[in-house]
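S.K.: Please find the sequence and the predicted model below.
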Amino acid sequence: DGGITQSPKYLFRKEGQNVTLSCEQNLNHDAMYWYRQDPGQGLRLIYYSQIVNDFQKGDIAEGYSVSREKKESFPLTVTSAQKNPTAFYLCASSSRVFGQFFGPGTRLTVL
Amino acid sequence: EDKVVQSPLSLVVHEGDTVTLNCSYEVTNFRSLLWYKQEKKAPTFLFMLTSSGIEKKSGRLSSILDKKELFSILNITATQTGDSAIYLCAVQRFNAGGTSYGKLTFGQGTILTVHP
């Protein structure tokens, strides 16, 4: 099946730990994105990548890091520097023609 | 800074009603406006609008863009309980190179609740 997968679905983290969220797509899309969604709010862009080995900060990049070593993969690391990481994290990808399509999301909770 | 404002923030209707959701925007180098429906999990794509005045339809949903007045509306006719969701509007800009990879800026969403 073509699509975007994210793992894990739920993630619990202790304060001070780094965690990495996985995002994989087999749609052959060049661009990939990471968003954060807090309750009652819209999506806010964390990082995006238009091509392999290149990425740009979004609106709320502090405390996060990414890599784009392969076209299919765009993992997001939530570092201990992120002060309020509990949120719903969404990965998306897009082609040149169509809008962005989203993965199922990862819900991160800091204990 | 790009800005997207949706209204109303929440809306409660009964089955069979028609609703209109609004999205106004300010963006540099506008490329497209997108509508998404979000139920419990990830947003699902509804429409992408790039040209003014051309209505896009999908079943009971339709949407139109006004690039002069910088807004879009999403209409849902004969609403059903399954239409209950958050409806997100987003605008995409062209990036500095003029390609289509500009980031999306989302509005805060409209929470639609449809009662039986």
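M.R.: That came through, no problem. Numbering: from 1, shown residues only, chains lettered A, B, ... in the order given.
S.K.: from here on, contacts and neighbour counts on C-alpha atoms
M.R.: OK.
S.K.: can you list the weak-confidence ranges in chain A?
M.R.: For chain A, the stretches flagged by pLDDT under 70 are A:1-2, A:96-98.
S.K.: Please, where are all the strands along it?
M.R.: Using DSSP state E, the strands of chain A run over A:4-7, A:10-13, A:19-25, A:31-37, A:43-51, A:54-57, A:64-66, A:76-78, A:87-94, A:101-102, A:106-110.
S.K.: JSON lines please, covering the ones you listed and showing mean neighbour count and distance to chain B.
M.R.: As requested, the strands of chain A are exported to JSON lines (neighbours: other C-alpha atoms under 10 Å in any protein chain shown; distance: least, C-alpha to the nearest C-alpha, whole Å):
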{"stretch": "strand A:4-7", "mean neighbour count": "20", "distance to chain B": "11"}
{"stretch": "strand A:10-13", "mean neighbour count": "14", "distance to chain B": "12"}
{"stretch": "strand A:19-25", "mean neighbour count": "20", "distance to chain B": "13"}
{"stretch": "strand A:31-37", "mean neighbour count": "24", "distance to chain B": "7"}
{"stretch": "strand A:43-51", "mean neighbour count": "23", "distance to chain B": "6"}
{"stretch": "strand A:54-57", "mean neighbour count": "15", "distance to chain B": "10"}
{"stretch": "strand A:64-66", "mean neighbour count": "19", "distance to chain B": "16"}
{"stretch": "strand A:76-78", "mean neighbour count": "20", "distance to chain B": "17"}
{"stretch": "strand A:87-94", "mean neighbour count": "24", "distance to chain B": "7"}
{"stretch": "strand A:101-102", "mean neighbour count": "23", "distance to chain B": "6"}
{"stretch": "strand A:106-110", "mean neighbour count": "19", "distance to chain B": "9"}
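S.K.: would you turn these into a markdown table with distance to B:Met48?
M.R.: Shown next, in a markdown table, are those (distance: least, C-alpha to C-alpha, whole Å):
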| stretch | distance to B:Met48 |
| --- | --- |
| strand A:4-7 | 19 |
| strand A:10-13 | 30 |
| strand A:19-25 | 21 |
| strand A:31-37 | 17 |
| strand A:43-51 | 17 |
| strand A:54-57 | 24 |
| strand A:64-66 | 28 |
| strand A:76-78 | 27 |
| strand A:87-94 | 12 |
| strand A:101-102 | 12 |
| strand A:106-110 | 25 |
